Structures are given as C-alpha cells and as structure tokens.
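> build me a structure from this.
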Amino acid sequence: MRVSLLLFSFFLIHSMGAVREPSASYRLGRIALRNIPKYTHINGTEIWLKLDSLEKNAIAPGPGPAIIHAPDFEYLCKVFYCHNENKRYCEPLCTRRALQFDYKSFFDRLDNINSTEPTPNKEACLKDCIDLCGPNDCKKQCVDLVDIHFEYKNRKEMHLSLLLFSSCLLLAVLAKDTALWKDTIINLKRIPNFFYVNGVEVVKKLDALEEVAFRPPLTPGHGPEYEYLCRLFYCHNENKNNCNELCTEHTKKVDDKLVDEHIRSINSSQPWASAGKKECDKLVQIHFSFENRVEYEQEVKELFKPSEPFLFWKGALVTLSMVSDLKHIDAWGIIQHLKTFENTTDFLPENEYLCRIAYCHNEHALSHCGKVCAEVAPRIDHDIIEYVIRTPAPPAPSKDACKMECSAMCGKNDCKKECSVLCAVHFSYDNRKQYESDFKRMFMRIFD
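Below is the predicted model:
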C-alpha cells in the first residue's frame with residue numbers, strides 16, 4: 001500500500017482538530033487565546049499576553065527565582081492592587097514589593113486555590129499580601145497597596161473576575177505533562193509506549209514547531225512541521241539515502257493552504273498526487289526499504305488515531321465522555337451551544353440561555369418561562385454566573401431556597417418577581433432533583 005505524506009497527515013489532522021489559533025504560555029502552561037473567557041472587570045487575554053511576554057523576556061541579573069520572576073509578579077500586583085492605574089503612586093509600590101516577592105510562597109498559593117470568594121476585609125487582604133513575600137519584609141508596601149485597592153467601588157467584582165481568571169491560569173499551569181498541537185491538549189502520559197516510534201518525542205516536537213510558526217510577528221507557516229512529518233514517516237527519523245534532504249526539498253514545494261484543503265477532503269483510499277513527484281517517488285522507495293515498514297507505519301497511525309469529540313469552553317477542555325453519562329440533560333448539546341457565545345462581549349444571550357437551561361429545562365425561548373428568562377437576562381450579573389458555574393451547590397431543597405439562589409444571580413439588581421416564576425416552573429417537573437443534579441454535576445466535572 002502506497003501512503004503519501006499528505007495521506008499520513010490526514011490521520012493527524014482528523015485526530016487533532018482545527019489549525020491552531022494564536023496562543024500564549026505562562027509557567028509551563030499554554031492556552032489558545034480564544035479559549036480565555038470574557039470577564040466584565042478585567043481583560044483576561046491582555047493579562048495572559050503580558051505575562052507571556054514578561055516571562056519570555058525575563059533575564060536573571062543575579063541568583064534566586066525572586067529576581068528572575070520579579071517582572072511578572074510586579075505586573076500581577078499592578079493588576080490586582082492598582083487596578084491597572086497609578087492612583088497614589090501605586091505602581092512604584094508594586095515595583096518595590098516585587099523585589100521582596102517569594103517565588104515558593106506564590107506557587108504554593110497558586111497550586112492550592114480552593115475558593116473563588118473575594119477577600120472579605122482589609123485585614124485578610126493585608127495578610128495575603130504579606131504572606132506572598134514569605135520570609136521577606138514587604139509590610140510597608142502592602143499596607144499602602146491594600147488601602148488603594150479598597151478605595152475602588154468595584155473592588156469585590158474586580159477581585160471575583162481575577163479569581164475566575166486564576167482558575168483559567170491554573171488549568172494551563174498545571175498542564176505540565178501535556179502538549180498543544182492543532183488546538184488540542186494532548187496528555188503525554190497517555191501516549192502508548194511504542195516499539196519503533198517515540199510518541200512523546202513526536203508530539204512535543206510538533207508542539208514546539210507549531211508554536212514557533214504561529215508566534216507573532218512571523219507569518220504562520222507549516223513548512224517545518226511538514227518537513228518533520230516527512231522525516232518521521234518516510235525516513236523513519238534516519239537519514240538513509242539522504243532522505244532528510246529529500247524532505248527538505250519536498251517541503252519547499254508544498255502550499256500550506258492547498259495541503260490543508262486536501263487533508264480535509266482527501267479520500268483515504270486514494271494516493272495523493274502531490275507537487276514534487278520526483279522527491280515523493282524516492283521517499284516512498286526509502287520508506288518501503290525498511291524491513292519494519294508495516295509495523296512502523298501501524299505505530300505512527302496509532303499515535304494519531306481519531307480521538308473522541310472535544311471542545312474548549314471557558315479555558316477548560318471538555319470531552320464527550322466527561323458528560324455522556326448525565327441522562328437527565330443533554331449535557332454535550334448544552335456545552336456546544338454555550339461555546340457559540342464565547343466570541344462576543346455581549347453577555348445577554350448566554351445569561352438568557354443559562355437561565356432557560358437551569359429553570360425552564362430547555363423549553364423554547366418563546367415559551368412563558370423562556371420569555372421570563374429574556375426579561376431577567378439584562379439584570380443578571382455575569383461575573384456571579386461565572387462564579388456559580390465553577391462552584392455549583394447541591395440541588396435547592398425548596399422553592400424558597402431556589403428563589404434565594406436565583407435572586408443572588410442578579411447581584412445588586414432586583415429580580416425576585418421573575419425568580420418566583422422561574423422556580424415555580426422548575427419545581428413543576430417530576431424529575432426536578434435529578435435534572436438539577438445533572439446540570440450542576442456537568443459544571444463540576446468541567447471545572448474540577
């Protein structure tokens with residue numbers, strides 16, 4: 001069976017999904033920028049890009065991690081305490097505090113985030129600020145920084161947005177045993193141990209090559225990826241009969257856009273007549289000259305076999321198997337629909353849809369319950385919604401408890417009247433407890 005590089009690539013693309021969009025990395029974790037949720041009081045994408053830039057440009061003038069990482073700690077201080085302003089010379093305070101910052105204390109705290117509750121008072125906030133300096137003394141700066149932070153009227157709302165963003169940051173930072181390729185997170189620990197192919201090495205190399213290809217201001221290009229795949233498949237990662245040089249020449253004749261179009265439409269039973277036929281003939285001859293050609297080819301295909309359906313939502317990777325056992329809701333359909341709201345700063349459609357799912361059991365938008373959700377959507381505080389879906393409570397034991405939970409979604413706005421109607425509809429369903437339990441378990445699994 002003759003298998004071309006493009007045919008081989010079909011398996012990779014089919015398995016790994018769409019072509020990568022711009023991404024940024026921080027603390028060994030990386031996330032596609034479009035997967036960072038939208039927040040009301042902070043710009044998560046801007047923060048992530050800044051952290052990415054600061055970490056890549058950090059130069060250690062002396063020993064110790066506190067010096068190496070001072071720039072990103074300083075920036076995080078300016079975001080949190082100064083609200084990205086220089087009120088009362090807030091920024092120089094962060095600069096001085098960053099030199100006292102304790103690297104270990106920061107990551108101990110990051111690895112143990114277990115709450116999305118904003119700091120309740122100045123005393124608690126001051127303690128947090130001082131604790132992050134570890135054995136170093138930064139009390140003087142912290143006293144002034146906390147005073148400035150508490151002068152802002154939206155202090156709690158902004159803090160909540162930052163904590164929600166931290167959960168997104170934590171997902172990426174903890175993904176140290178993963179690689180990102182073709183917009184898919186790949187768990188390196190789950191790659192099989194092959195005899196002929198080092199699957200972990202292959203995936204990490206493709207990840208690195210794609211990262212370079214898509215880093216601004218360079219123009220995206222897949223040349224290095226295709227050349228590496230060519231050497232992997234035809235040359236078996238050896239340079240038999242100048243195979244590597246043939247791949248280099250072959251890659252020069254590949255058109256990125258054309259190849260991607262062919263990959264998505266190719267008939268897997270037919271060989272692809274590619275540009276650079278002269279090189280292809282020689283490459284195929286080399287591939288077939290290996291005695292273990294069949295076994296090697298099987299391992300490579302196994303490495304990139306099609307995976308289960310997945311998508312990214314609010315910075316989290318969601319797979320079909322994570323929610324397929326929830327029988328009282330269409331969990332996968334709900335997540336797919338919620339995904340459509342991500343590329344907009346208008347929170348109303350998502351607020352309305354979540355309301356209909358939670359209380360109307362996905363009734364039509366034009367139903368009475370659906371209309372009530374449309375009325376209440378503008379009054380729902382979206383950051384509170386973000387908090388609730390990440391920290392779901394058990395099913396409401398009574399209508400009154402349901403009304404309180406519903407009214408809390410509106411924050412400072414009054415929606416008690418609408419919540420009374422919504423909870424009455426919700427409690428009219430016989431499977432109300434099972435439905436609500438599955439609905440909340442869905443979010444628990446995604447953000448656990």
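> can you tell me the SS state at Leu317?
Under the three-state scheme (DSSP: H, G, I helix; E, B strand; the rest coil), the conformation of Leu317 reads as strand.
> what bridges to it?
As for beta bridges, Leu317 partners with Phe312 under DSSP bridges.
> wait, it sits on Phe310?
Yes - under the criterion of Cβ atoms under 8 Å, Leu317 is in contact with Phe310, at a separation of 6.3 Å. The C-beta positions use only the backbone N, C-alpha and C, and glycine is treated the same way.
> more neighbours: which of those two?
Neighbours were tallied for Leu317 and for Phe310 using other Cβ atoms under 10 Å; the higher tally belongs to Leu317 (18 against 15).
> what's the distance between the more buried one and Thr344?
Between Leu317 and Thr344 the distance, using Cβ to Cβ, to the nearest Å, works out to 21 Å.
> just Lys240 next, same as before
53 Å.
> likewise Lys252?
Computed as Cβ to Cβ, the Lys252 to Thr344 distance reads 41 Å.
> Gln298 now?
Using Cβ to Cβ, we find Gln298 at a distance of 45 Å from Thr344.
> these two: which is more packed in?
A side-by-side neighbour count of Gln298 and Thr344, using other Cβ under 10 Å, places Gln298 first with 14 against 11.
> helix or strand for the more buried one, which one?
Secondary-structure element containing Gln298, defined by DSSP states H and E: helix 293-303.
> neighbouring contacts of that helix?
Contacts of helix 293-303 with the rest of the structure, by Cβ atoms under 8 Å, 6 or more residues apart in numbering, involve 3, 8, 11, 191-192, 194-197, 199, 202-203, 232-233, 236, 287, 290.
> what are the buried residues along it?
By neighbour count, with 16 or more other Cβ atoms under 10 Å as the criterion, the buried positions of helix 293-303 are Tyr296, Glu297, Glu299, Val300, Lys301, Leu303.
> chain center to stretch 421-428, what's the gap?
The chain centroid and the centroid of stretch 421-428 are separated by 35 Å under Cα atoms, centre = their mean, to the nearest Å.
> and what of stretch 340-357?
Computed by Cα atoms, centre = their mean, the chain-centroid distance of stretch 340-357 equals 19 Å.
> from what I see, Asp131 and Ala124 are in contact.
No - under the criterion of Cβ under 8 Å, Asp131 makes no contact with Ala124, lying 10.5 Å away.
> tell me how this protein divides into domains.
For the chain, the domain assignment from automatic domain parsing gives the residue ranges 5-20+182-303, 23-173, 311-447.
> mean pLDDT added to those, as a markdown table?
Converted to a markdown table, the domains of the chain look like this (pLDDT from 0 to 100):
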| stretch | mean pLDDT |
| --- | --- |
| domain 5-20+182-303 | 68 |
| domain 23-173 | 75 |
| domain 311-447 | 90 |
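> in the host helix or strand of Glu123, what counts as buried?
Using DSSP H and E, Glu123 sits in helix 122-131. Applying a neighbour-count criterion of 16+ other Cβ under 10 Å, one finds Cys125, Leu126, Cys129, Ile130 buried in helix 122-131.
> output those as a markdown table; include the columns distance to Val421.
Conversion of these to a markdown table gives the following (distance: Cβ to Cβ, whole Å):
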| residue | distance to Val421 |
| --- | --- |
| Cys125 | 39 |
| Leu126 | 44 |
| Cys129 | 45 |
| Ile130 | 48 |
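> ok, so of these, who is nearest Lys38?
Using Cβ to Cβ, Cys125 is the member of the buried residues of helix 122-131 that lies nearest Lys38, at 25.8 Å.
> apart from its neighbours in sequence, what residue is nearest that closest one?
The shortest distance from Cys125 to any residue other than its chain neighbours is 4.2 Å, reached at Thr119 (Cβ to Cβ, 6 or more residues apart in numbering).
> which residues sit in contact with the one you found?
Cys125, Asp128, His159.
> can you list those in a markdown table and add distance to Glu436?
Conversion of these to a markdown table gives the following (distance: Cβ to Cβ, whole Å):
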| residue | distance to Glu436 |
| --- | --- |
| Cys125 | 35 |
| Asp128 | 34 |
| His159 | 29 |
